[in-house]
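> What shape does this take:
(one chain, ligands or ions: 2)
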Amino acid sequence: MIRADLVVAGAAQVVTCDPARGEGGVGIIENGAVAAAGERIVWIGPGARLAAEVDLAPGGRRVDARGRVVLPGFVDSHTHLVFAGSRAHEYALRARGASYQEIAAAGGGILATVKATRAATLDELVALGRPRLDLMLTHGTTTCEAKSGYGLTTADEIKMLEAIRRLDAAHAVDVVPTFCGAHEVPPEFKGRTGAYVDLVVDEMLPEVARRGLARYVDVFCEAGVFSVAESRRILEAGARHGLRAKFHADEFATLGGAELAAEVHALSADHLLAASVEGVGRMKAAGVTAALLPGTAFFLGLPYAPARRFLETGVRVALASDFNPGSSAGLNLQLVMTMAVSQMKMTLEEALLGITLHAAHAMGLEEDVGSLAPGKLCDLALCDVPDWREVAYFYGVNHVQSVVKRGRVVWGGDRT
Ligand code: NIG
Ligand code: FE
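Ligands and ions are numbered 1, 2, ... in the order given. Okay, here's the model as predicted:
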């Protein structure tokens, strides 16, 4: 008998996303059940075998899934969770025809959020982040990445990363920090991008690493922002400090960001709206995950990344929200799945793997999250649908009815 202190039983389907249950599929166990001891899964299988194989410890919790669908907790590998201010007025301007780049050139865009974020205190940033994390959790996200990049001074970048650290410590969602000091050139360095890159490399990165505030390094590698050469310098400096690269590549212009991601063996290259298919092929060969963010194309009204052409190269495709105040003010990964299927013609299986296992790969966390198997963290999203595909099909609403994080029911739940 396997000893457990949490049992989730009575599910119509447990969707494991475990490649060991069939490559490319999502590994469905009909009438399945899951058991955990502490934070990790110790057993998973058909509910009919549960009683014979699993012993619920005295005081343990049994969750009745009531014919719902159990999915791995969702993984959001690209978010700008922490920021101050709102840019709803830019949304209104875009509706009247202004482009994201035009708004940025006129002093709006990232720099508008930088101004507001610099003016905010650490406590204020934490207070702003908490309800956003609550929304993520109630929509099924149990692990997310969060970037700095609206500070753009050493002190303000550290303030943002401290806010991320506090949010991670205080919230059920695991929040993994990225240093993105090269998100934009701040106004005081206008026309002196090289000097700003020096500051990022010589001062910010060492200080962030010394304080242990980041796990990844990101750069906005984009026409008019940071060139491929500048991005390479920053990513290589990050690597010397032990930070894995995952960065904004070929979002608006075809700059060679995908090729750079392959060259530096990034964990992921993100956006890729304008990436060359050849560059993405090189990413595949180098083991880099392509993180597509359809919410950004949707929100900005741009053509979607050519996901099918990328998938033909064999590259692993993750899907993330890009939650941020300018280009994608949304964090519902169920809706991201719908966008991926309806707009990028990904299969439902590819879309679900995109917000679970493949997103875990994009964060280097595939040993712990993104699929359901013994040894993995017991992170579950229980969805009130009879068939897992309805999570994307019946779109624009929240199907997540309860959430288990690290073996504990942290939201909702019919608890018995
Ligand atoms: O991923 N491209 C750079 N960063 C964000 C936008 C951030 C913002 O507009 O505040 C993105 O699209
Ligand atoms: Fe982004």
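> Provide a list of residues in contact with Thr138.
Shown in contact with Thr138 (CB atoms under 8 Å, 6 or more residues apart in numbering): Asn398, Val400, Val403, Trp411, Gly412. Using the backbone N, CA and C atoms, a C-beta is placed for each residue, glycine as well.
> go on, Phe252?
Tyr100, Gln101, Glu222, Ala223, Leu273, Ala274.
> Packing partners of the least confident helix or strand in the chain by mean pLDDT?
Sorting the helices and strands of the chain by mean pLDDT, DSSP states H and E puts helix 100-105 at the bottom, at a mean of 92. Helix 100-105 is packed against helix 88-95, with contacts defined by 3 or more CB pairs under 8 Å, 6 or more residues apart in numbering; DSSP states H and E.
> residues in contact with the helix it packs on?
Ala98, Tyr100, Ile103, Gly108, Gly109, Ala112, Leu300, Gly301, Gly326, Ala329.
> how does it look with 6 Å?
Here helix 88-95 makes contact (CB atoms under 6 Å, 6 or more residues apart in numbering) with Ile103, Gly108.
> Please apply the same query to stretch 40-59.
1-5, 7, 9, 31, 33-35, 372, 374, 376-378.
> Most neighbours among those residues, which one?
Using other CB atoms under 10 Å as the neighbour test, the contacts of stretch 40-59 are led by Val34, with 30 neighbours.
> Check the model's average confidence along the host helix or strand of that one for me.
Val34 belongs to strand 32-37 when assigned by DSSP states H and E. Mean per-residue pLDDT for strand 32-37: 98.
> now do stretch 274-294
98.
> can you tell if it touches ligand 1?
No - with CB under 6 Å from any ligand atom as the criterion, ligand 1 is not reached by stretch 274-294; the gap is at least 6.8 Å.
> about what we covered before: so after the strand holding Val34, what's the next helix or strand?
Assignment by DSSP H and E places the next element after strand 32-37 at strand 40-46.
> follow-up on the earlier one: of the contacts of Thr138, which is the nearest to Glu349?
Nearest to Glu349 among these is Val400, at 19.3 Å by CB to CB.
> the helices in the stretch 101-250 of the chain, which residues?
110-119, 122-138, 154-170, 193-199, 205-210, 228-240 (DSSP state H, counting those that start in this stretch).
> Any idea which of the ones you listed gets closest to Leu311?
helix 228-240 (24.7 Å).
> The closest one near ligand 1 anywhere?
No - with CB under 6 Å from any ligand atom as the criterion, ligand 1 is not reached by helix 228-240; the gap is at least 12.6 Å.
> Got the confidence number for the residue in the chain positioned nearest to ligand 1?
Proximity of the chain to ligand 1 (CB to the nearest ligand atom) peaks at Gly326, 2.4 Å away. You'll see Gly326 listed with a pLDDT of 97.
> repeat for Gly24
At Gly24, pLDDT is 78.
> For it, which non-adjacent residue is closest in space?
Glu349 (6.7 Å; CB to CB, 6 or more residues apart in numbering).
> And for Glu251?
Nearest to Glu251 is His271, by CB to CB, 6+ apart, at 3.8 Å.
> Rebuild the helices of the stretch 101-250 of the chain as TSV, extending it with distance to Ala253.
Formatted as TSV, the helices of the stretch 101-250 of the chain follow (distance: least, CB to CB, whole Å):
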stretch	distance to Ala253
helix 110-119	16
helix 122-138	30
helix 154-170	25
helix 193-199	16
helix 205-210	25
helix 228-240	11
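> Can you add mean pLDDT and give these back as JSON lines?
Output for the helices of the stretch 101-250 of the chain, formatted as JSON lines (pLDDT from 0 to 100):
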{"stretch": "helix 110-119", "mean pLDDT": "97"}
{"stretch": "helix 122-138", "mean pLDDT": "98"}
{"stretch": "helix 154-170", "mean pLDDT": "98"}
{"stretch": "helix 193-199", "mean pLDDT": "98"}
{"stretch": "helix 205-210", "mean pLDDT": "98"}
{"stretch": "helix 228-240", "mean pLDDT": "98"}
